[in-house]
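Peer 1: Below is the structure, and that's it, no one-letter string:
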C-alpha cells in the first residue's frame, strides 16, 4: 500500500490545503493528513478541533485519514510505514524552506521521498495565517476555507475577542 503523509498545522484548513489533499488522494492508496503539535505557536484551534475540521472537510475522500503527532516527522513516517511526505508549494519562498526540510528528512532516512505539489493558481496567495488575520479584521473569507469550516472560525474568533 502506498501511503503519503501530508503534515502541517492546518490552523485552520484552507481550500489550498484541501486542493493538495484531494489531488494527493488520487496518487496514493492512503493519505494521512497529520496535524503537527507545535508548542511554540499559539494556534486558534486545538489539535482536536483541527482534526475535526479536516475530517468534516474530507469526509467524501475514503482514502484520507486524519491524525496528529508531535516530535520528528521522520519518526511519525516510520510509525505509519510510509515512504512519502507530501508538501504543497505556493511560491518560491515556500520552496526554499521546504527544500531544506526535504534535504534534512532525506539525511534522516534516504528511503523516504518528499513530493511537492504546486497549489492551484487560485490559492497561490492563501495561508491559514492570512485567513485568520482577514477574519479577525472583519473581512470576508468565503471561498478561502471549506464552507463547513466558516462557522467554526467566526465562532472561535468571537469567543476569543470577548
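Peer 2: On my side now, so go ahead. Values in this document were obtained by computation on a predicted structure and should not be read as measured data.

Peer 1: next one: phi and psi at residue 2?
Peer 2: phi -90, psi 120 (degrees, to the nearest 10).

Peer 1: got the contact list for residue 123?
Peer 2: Contact partners of residue 123, counting by C-beta atoms under 8 Å, 6 or more residues apart in numbering, are 14, 15, 16, 19, 90. No exception for glycine: its C-beta is placed from N, CA and C like everyone else's.

Peer 1: whoops, residue 91 was the one
Peer 2: So residue 91 contacts residue 124 (C-beta under 8 Å, 6+ apart).

Peer 1: Check the one 10 residues further on too.
Peer 2: Under the criterion of C-beta under 8 Å, 6+ apart, the contact list for residue 101 reads 87, 114.

Peer 1: cool, residue 12 as well?
Peer 2: Contacts of residue 12 by C-beta under 8 Å, 6+ apart are 44, 45, 50, 53, 128, 131, 132, 145, 149, 152, 153.

Peer 1: isn't there a helix covering it?
Peer 2: No: remark: residue 12 does not belong to a helix; assigned using DSSP: H, G, I helix; E, B strand; the rest coil, it is coil.

Peer 1: per-residue pLDDT, it?
Peer 2: Looking at residue 12, its pLDDT is 96.

Peer 1: next one: the one 5 residues further on
Peer 2: Reported pLDDT at residue 17 in the predicted model: 96.

Peer 1: Determine the set of other helices and strands touching the helix or strand encompassing it.
Peer 2: Assigned by DSSP states H and E, residue 17 belongs to helix 15-25. Here helix 15-25 touches strand 3-8, strand 30-36, strand 84-89, strand 113-118, going by 3 or more C-beta pairs under 8 Å, 6 or more residues apart in numbering; DSSP states H and E.
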